[in-house]
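>>> quick one, what's the 3D model for this:
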Amino acid sequence: MQPGLSPSAGLTPSSLPDDAVEVGRILDAWGVKGWVKILPHSSDPEALFAAKSWFLQAPDAKFRPGFTVFSGTVTLGVDEAKVHSDSVVAKFAGLDDRNAAEALRGARIFLPRSSFPAASKDEYYWVDLIGLKVVNREGVDLGLVRDLMATGPHSVLCVEYTAQQEDGGSATAERMIPFVSVYVDTVDIAGKCITVDWQPDY
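Numbers count the residues shown, from 1 in each chain. Now for the predicted structure:
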């Protein structure tokens with residue numbers, strides 16, 4: 001354990017659930033009473049708020065090399081999580097000072113998909129959209145959803161596709177489609193397909 005993070009801090013060795021989804025990471029300490037600032041991977045952090053404990057794994061080496069607080073997967077109880085400004089802050093059970101919170105900087109947060117609250121009608125979790133095929137009304141294949149991007153009032157689908165080049169070769173390219181009802185006709189999670197009113201040359 002690093003200084004400031006005692007074994008009593010509540011880190012419990014665990015196994016990652018089969019349906020685990022990475023939902024964010026710990027950016028830094030927040031305040032002096034053991035709170036941490038979270039970078040959610042979605043514009044809708046409801047799953048973080050609903051869970052009473054989170055699964056943590058060590059940071060990516062490029063983000064924080066030499067991390068030695070723990071190895072493998074651990075669980076940590078969550079006393080409180082809430083929105084603060086443009087991010088999420090959380091208080092873990094057993095973490096009561098800034099040093100303990102700083103020790104976890106960069107840790108990756110996972111939750112089982114089965115624990116997510118049910119989405120409202122016409123609302124979707126980003127994780128459920130990644131990898132879906134996108135076609136337009138004419139049945140033209142526009143590619144696969146690689147990521148989503150929050151742009152203030154709405155999200156944007158980042159759709160990856162293979163583009164033909166002038167020399168006859170091909171290369172991976174990306175098109176951006178606003179994820180709003182004026183362009184998105186249907187989202188079929190079970191069928192793994194999104195139908196949009198969009199043309200390949202837009």
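
>>> tell me the domain ranges of the protein?
As assigned by automatic domain parsing, the chain contains the domains 7-115, 126-196.

>>> surely residue 171 meets residue 162?
Yes: using CB atoms under 8 Å, residue 171 is in contact with residue 162, at 7.4 Å. Heads up, the C-betas are built off the backbone N, CA and C, glycines and all.

>>> neighbours of residue 112, how many?
Using other CB atoms under 10 Å, residue 112 has 15 neighbouring residues.

>>> name the SS class of residue 138, please.
Of the three states, residue 138 takes coil under DSSP: H, G, I helix; E, B strand; the rest coil.

>>> burial of it, as a residue count?
8.

>>> ok, it to residue 198 distance?
Distance, residue 138 to residue 198, using CB to CB, to the nearest Å: 10 Å.

>>> in stretch 158-176, which residues are buried?
By 16 or more other CB atoms under 10 Å, the buried positions in stretch 158-176 come out as 158, 159, 161, 175.

>>> ah, wrong one, I meant stretch 90-99
Buried residues in stretch 90-99 (16+ other CB under 10 Å): 90, 91, 92, 94, 95, 98.

>>> so which of those residues belong to helices?
Counted as lying in helices by DSSP state H, out of these, are residue 98.

>>> from the buried residues of stretch 90-99, which single one is nearest residue 167?
Comparing the buried residues of stretch 90-99 against residue 167 with CB to CB places residue 90 closest, at 51.3 Å.

>>> setting aside sequence neighbours, what's the nearest residue to that closest one?
Closest residue in space to residue 90, ignoring its immediate chain neighbours: residue 81 at 4.1 Å, by CB to CB, 6 or more residues apart in numbering.

>>> residue 176 now?
residue 156 (5.1 Å).

>>> quick one, what contacts the one you found?
Counting by CB atoms under 8 Å, 6 or more residues apart in numbering, residue 156 touches 148, 149, 150, 176, 177, 178, 179.

>>> got the phi/psi numbers for the third one?
To tie it back to what came earlier, the one meant is residue 150. Main-chain dihedrals, residue 150, degrees, to the nearest 10: phi -80, psi 130.

>>> which ones are touching the spatially most central residue of the chain?
Most central in the chain under CA atoms, centre = their mean is residue 41, positioned 2.7 Å from the mean C-alpha point. When contacts are counted by CB under 8 Å, 6+ apart, residue 41 touches 22, 23, 24, 126.

>>> low pLDDT regions in the chain?
1-9, 43, 152 (pLDDT under 70).
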